[in-house]
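*Asks:* Prediction below, plus the sequence it came from.
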Amino acid sequence: MAKRERVVRMSVEQPLWRALTGYRVLTMVYAVLLYYAFNRGGYERPWIAIGYLAVLCCWTLATLPKVANAASCTKGFLVADLAVALVGILLTPLADAQAQSIDGPTLPSIWTAGSVLAYAIKGGWRWAGVASSLVAVANIVERGHPSRDTFHNVLLVWVASIAIGYVVEVARASERTLARALEIEAATRERERLARDIHDSVLQVLAMVQRRGTALGGEAAELGRMAGEQEVALRTLVAGGLTRPSLVSEDESEGAFVRVVEVDDEPDDDTPVDLRVLLAPRAGARVTLSEPGAPVLLPPPAARELATAVGAALDNVRVHAGEDAHAWILIEDWPDEVIVTVRDDGPGIPEGRLAEAWGEGRMGVALSIRGRLRDLGGSAELISVPGQGTEVELKVPRGKAGEK
């Protein structure tokens, strides 16, 4: 099916990955130069240092694609990368026994910080705290005793990595907020465009048909009434912007971005459905729909069952309250549950009538409404006062709505 896609990229995380790539290469070169320039003649077992630095160079160059973005930087790579750093630290006293007494640099030197920073960028400050703690333990074991310089270096890596991890988490949250803002803005612009086009054409034609049909009377009056109902439904649809979310926020290899997708197919089973979309067709000349200004998202099975239960309640209004009765649908979107209330101005239900209907085998309320809500983990309450209409309150908890 044809679809149009436009990607708006925005990321403060991706530059950090590029900076980390450069840092790893530069610190690799620094570790090699540090050995050859200052410590080549001082190591008691230089073959250990040379062997480790060769492995370090090969590992750094071979894994550059792994630190190019968040998707490539897997947990397995992070564990292996940190292991390379820790092994280098612990091998330092084996290569040079005097390293413990002179507070000299370790074999990987400041390259180790690159491994910790990868944890920070990938997983945030908690991952950074764990990685820097392991590095701290390795440094203390390598020195044999905690010294002032060791404590200073460990504290610096610890604070820097945790701070960077926290900044990355804040940046990701900000990107998600911005993505949501762009989504709302795009939906609003599209709704306004549709409203203009529909108002200039379809709504005016429907209003004219309603007026002319009412004036002519007879069968034309019925046609006018139907046109009036469709006009109300269409106005509700346009005013509420009842469309599937057209923007999807993602956080992949290129950093967070917003994907704008326009499709006409039905939503997948795992794609949340806007309950307002399913209830919009219920609105008409005698049915008023009141809903929040934002999408009311539920798992597809829960949304369909709830919409069907609302339809059953409206069917009861038409059957028992008469064709001339008015009904009102109110959608409430709460953090822990979704509440839909259906109220009418009919004569109400006489006391004991529901129990009588159950005995007669007519179980519309019990099965079509209460049964559906019970399967969703929710509830349905019916309040009716003779002469004052009927109110049906349907509640679906969010925590259980997707379990059906």
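*Replies:* That came through, no problem.

*Asks:* can you list the residues that contact stretch 384-400?
*Replies:* 298, 302, 306, 309-310, 313, 316-317, 320-321, 335-351, 369, 373, 376-383 (Cβ atoms under 8 Å, 6 or more residues apart in numbering). In short, each C-beta sits where N, CA and C put it, glycine included.

*Asks:* can you rerun that using 6 Å?
*Replies:* Stretch 384-400 has contacts (Cβ atoms under 6 Å, 6 or more residues apart in numbering) with 302, 306, 309, 313, 336-346, 348-350, 373, 376-383.

*Asks:* Please flag which of those sit within strands.
*Replies:* 337-344, 379-383 (DSSP state E).

*Asks:* For those, work out which two are farthest apart.
*Replies:* 337 and 344 (23.0 Å; Cβ to Cβ).

*Asks:* When the two are compared, which one has more neighbours?
*Replies:* Between residue 337 and residue 344, residue 344 has the larger neighbour count (other Cβ atoms under 10 Å), namely 25 against 17.

*Asks:* The more buried one reaches residue 317, doesn't it?
*Replies:* Yes. The criterion here is Cβ atoms under 6 Å, and residue 344 meets it with residue 317 at 4.5 Å.

*Asks:* Quick check: neighbours shared by those two?
*Replies:* By Cβ under 6 Å, 6+ apart, the residues touching both residue 344 and residue 317 are 325, 327.

*Asks:* what ranges do the strands span in the protein?
*Replies:* 4-9, 247-252, 255-262, 273-274, 287-290, 297-298, 327-333, 337-344, 379-384, 390-397.

*Asks:* wouldn't residue 288 be in contact with residue 328 here?
*Replies:* Yes. Taking Cβ under 6 Å as the definition, residue 288 is a contact partner of residue 328 at 4.9 Å.

*Asks:* one step back: any chance of a PyMOL selection covering the buried ones in the contacts of stretch 384-400?
*Replies:* Buried residues within the contacts of stretch 384-400, by 16 or more other Cβ atoms under 10 Å, are selected in PyMOL with:
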select buried, resi 302+306+309+313+337+338+340+341+342+343+344+345+346+348+349+373+376+377+378+380+382
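
*Asks:* who does the helix ranked longest in the chain touch, helix- and strand-wise?
*Replies:* What stands out as the longest helix in the chain, according to DSSP state H, is helix 148-200. Secondary-structure packing of helix 148-200 (3 or more Cβ pairs under 6 Å, 6 or more residues apart in numbering; DSSP states H and E): helix 111-123, helix 125-143, strand 247-252, strand 255-262.

*Asks:* give me that answer again for 8 Å
*Replies:* helix 111-123, helix 125-143, helix 219-240, strand 247-252, strand 255-262 (3 or more Cβ pairs under 8 Å, 6 or more residues apart in numbering; DSSP states H and E).

*Asks:* pLDDT of that helix, averaged?
*Replies:* Mean per-residue pLDDT for helix 148-200: 76.

*Asks:* Stretch 285-293 now?
*Replies:* Rounded mean pLDDT across stretch 285-293 is 83.

*Asks:* Can you check the distance spanned by it, start to finish?
*Replies:* In stretch 285-293, first residue to last residue: 21 Å (Cα to Cα, to the nearest Å).

*Asks:* now that stretch, how far from the chain's geometric center?
*Replies:* 28 Å (Cα atoms, centre = their mean, to the nearest Å).

*Asks:* residues in contact with it?
*Replies:* So stretch 285-293 is contacted by 225, 228-229, 232, 236, 240, 276, 279-280, 282-283, 314, 323-333 (Cβ under 8 Å, 6+ apart).

*Asks:* contacting residues around residue 322?
*Replies:* So residue 322 contacts residue 346 (Cβ under 8 Å, 6+ apart).

*Asks:* Quick check: pLDDT value at it.
*Replies:* pLDDT for residue 322: 75.

*Asks:* For it, give me phi and psi.
*Replies:* phi 100, psi 160 (degrees, to the nearest 10).

*Asks:* picking up where we left off before, the longest helix of the chain relative to helix 111-123, how many degrees between them?
*Replies:* For helix 148-200 against helix 111-123, the angle by axes from the mean of the first three to the mean of the last three Cα atoms, to 10 degrees is 30 degrees.

*Asks:* now the angle from helix 148-200 to helix 125-143?
*Replies:* 160 degrees.

*Asks:* can you give me how far helix 148-200 is from the chain middle?
*Replies:* The chain centre lies 12 Å from the centre of helix 148-200; the measure is Cα atoms, centre = their mean.

*Asks:* any weak-confidence spans in the stretch 301-404 of the chain?
*Replies:* Applying pLDDT under 70 to the stretch 301-404 of the chain flags the ranges 351-368, 399-404.

*Asks:* in the sheet, who's paired with the residue nearest to residue 272 when sequence neighbours are not counted?
*Replies:* Nearest non-adjacent residue to residue 272, counting by Cβ to Cβ, 6 or more residues apart in numbering: residue 297, 3.8 Å away. Beta-bridge pairing for residue 297 (DSSP bridges): residue 274.

*Asks:* Tally up the residues packed near residue 297, please.
*Replies:* 18.

*Asks:* Much appreciated, bye for now.
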